[in-house]
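Undergrad: Fold the following, please.
(one chain, ligands or ions: 1)
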Amino acid sequence: MYRIVTGDCRELLNDVSDVSAVITDPPYGLEIGRTDWDGDVPSSDTWLRVRQRCRPGALLLAFGHALTYHHLATAVEAGGWKIMPMLAWIYGNAPAHGMQVGAMNTRLRNAVEPICCALNPPSTSLRECIEQTGLAGFRVDAARIPSLDGHGRFPSNVILDDSDSVQLAFPFARSGSQVTGDEPTQRAARDSDLYGRFGARKAASHAYGDDGSASRFFYCARASRAEKHAAGPNPVPTVKPVALMQYLVELACPPGGLVLDPFCGSGSTGIAVMRSKQGRRFVGIEARSDHAEYARRRCELEDVDGEL
Ligand SMILES: C[S@@+](CC[C@H](N)C(=O)[O-])C[C@H]1O[C@@H](n2cnc3c(N)ncnc32)[C@H](O)[C@@H]1O
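TA: Numbering: from 1, shown residues only. Next up is the predicted model:
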């Protein structure tokens, strides 16, 4: 079930309570595509107001930009959140934005989006909070990376897309690791040219831990055109892939919990919550009426239970 509210989240947050996880993609402070909504990274006061609507132990996952991530993390921390190690979404095919002067350029191609991770500190110990509420930790068993042995791999804080450049940067089985190569990625499964030379794949051993190859990471392609424009032309230029958001939802929010996205854009987080099922609910807040209306249309296409 979902609810999308139109307006400034700083004013509307008082109507929200008992949030189990905040999963959001706020303005990066870059004026992306000459938008009128990307001027500033949200302030510490905004993150404080968000936190006050959350249950103790709730996790926050907020996308940032490589250039302005430090502002995001500092503001989140100043809003009373406890900063945890960040996640990284790594993708290929990113355009180069710098100034080329002869053989030099002022920027590298940006191929990573940091995801700020933070905790609403509980008054009890983390163990007690986890045991009593199911919050304050990652749902690692629900988010294991599929492996052929059926056990799944322990999730890491790196998420990759399926572009050639990323896949080639994280090849299978390197430097004597335990990887035996049982793990076709989404791309490998359909692109035998790229990975065919590794030959037949053996069954996985349980020894897969935290070292080895790219196979231990979660893979997620960037949002396809069809996905972005599922409800007609999407007015939001920065649409996140639903599969990526669903992975984060399942990692951070217990079944039955309420997910808040205070900067919901065209509603990718909401769709992800509905796809994750298990009784999770969604509240999205969006300042621009055209974005909010589009988010509602996208969520309507998805939802079977109706609005909250
Ligand atoms: C990066 S976009 C989110 C895109 C979203 N992840 C998607 O997949 O469509 C950020 C959104 O935050 C909205 N926004 C900016 N400031 C806001 C505020 N104070 N309250 C609510 N929404 C705001 C913008 O209008 C924009 O739609």
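
Undergrad: residues contacting the closest residue to the ligand within the stretch 151-300 of the chain?
TA: Proximity to the ligand, evaluated over the stretch 151-300 of the chain using CB to the nearest ligand atom, is greatest for Gly265 at 2.5 Å. For every residue, glycine as well, the C-beta is placed using N, CA and C. Gly265 makes contacts with 25, 236, 238-239, 286, 291, 295, as judged by CB atoms under 8 Å, 6 or more residues apart in numbering.

Undergrad: now it: how far from Ala142?
TA: 25 Å (CB to CB, to the nearest Å).

Undergrad: and if you look at Arg222?
TA: 24 Å.

Undergrad: got it, and Ala226?
TA: 27 Å.

Undergrad: quick one: which of these two has more around it?
TA: Counted by other CB atoms under 10 Å, Ala226 and Ala142 do not tie: Ala142 has more neighbours, with 17 against 7.

Undergrad: which one is the more buried one nearest to, not counting chain neighbours?
TA: Glu250 (5.1 Å; CB to CB, 6 or more residues apart in numbering).

Undergrad: in what helix or strand does the one you found lie?
TA: In this assignment (DSSP states H and E), Glu250 forms part of helix 242-252.

Undergrad: where's the residue nearest to Pro42 when sequence neighbours are not counted, which helix or strand?
TA: Of all residues beyond its chain neighbours, the one nearest Pro42 is Pro26 (5.1 Å), with distances taken as CB to CB, 6+ apart. Counting by DSSP H and E, there is no helix or strand that carries Pro26.

Undergrad: Tally up the residues packed near Pro26, please.
TA: 25.

Undergrad: same question, the one 10 residues further on
TA: Here the count is done by other CB under 10 Å, and Asp36 has 8 residues near it.

Undergrad: I believe it is in a strand; please confirm or correct that.
TA: No - going by DSSP: H, G, I helix; E, B strand; the rest coil, the assignment for Asp36 is coil, not a strand.

Undergrad: Roughly how far does it sit from His151?
TA: 48 Å.

Undergrad: Likewise for Pro56?
TA: In terms of CB to CB, Pro56 sits 32 Å off from His151.

Undergrad: So between these two, which is more surrounded?
TA: Pro56 (16 against 13).

Undergrad: Let me see the contact set for the more buried one.
TA: Contacts of Pro56 by CB under 8 Å, 6+ apart are 120-124, 129, 133, 135-136.

Undergrad: by how many degrees do the host helix or strand of it and helix 242-252 diverge?
TA: Pro56 is part of strand 54-63 when elements are defined by DSSP H and E. Orientation check (axes from the mean of the first three to the mean of the last three CA atoms, to 10 degrees): strand 54-63 against helix 242-252 gives 150 degrees.

Undergrad: What are the buried residues along strand 54-63?
TA: Using 16 or more other CB atoms under 10 Å as the test for burial, strand 54-63 gives 54-63.

Undergrad: and the residues you listed, which two are the farthest apart?
TA: Pro56 and Phe63 (23.9 Å; CB to CB).

Undergrad: Cys264 contacts Glu286, correct?
TA: Yes - with contact defined as CB atoms under 8 Å, Cys264 and Glu286 form a contacting pair (4.7 Å).

Undergrad: circling back: report the distance from the helix holding Glu250 to the chain centre.
TA: 6 Å (CA atoms, centre = their mean, to the nearest Å).

Undergrad: which residues are contacting the helix or strand that it is followed by?
TA: Sequence-wise, the next helix or strand downstream of helix 242-252 (DSSP H and E) is strand 258-261. Applying CB under 8 Å, 6+ apart, the external contacts of strand 258-261 come out as 16, 18-25, 50, 53-54, 249, 253, 269-270, 273, 280-285.

Undergrad: Recalculate using a threshold of 6 Å.
TA: Contact with strand 258-261 is made by 18-24, 249, 253, 269, 273, 281-284, as judged by CB atoms under 6 Å, 6 or more residues apart in numbering.

Undergrad: Among these, which one has the most neighbours?
TA: Val273 (33 neighbours).
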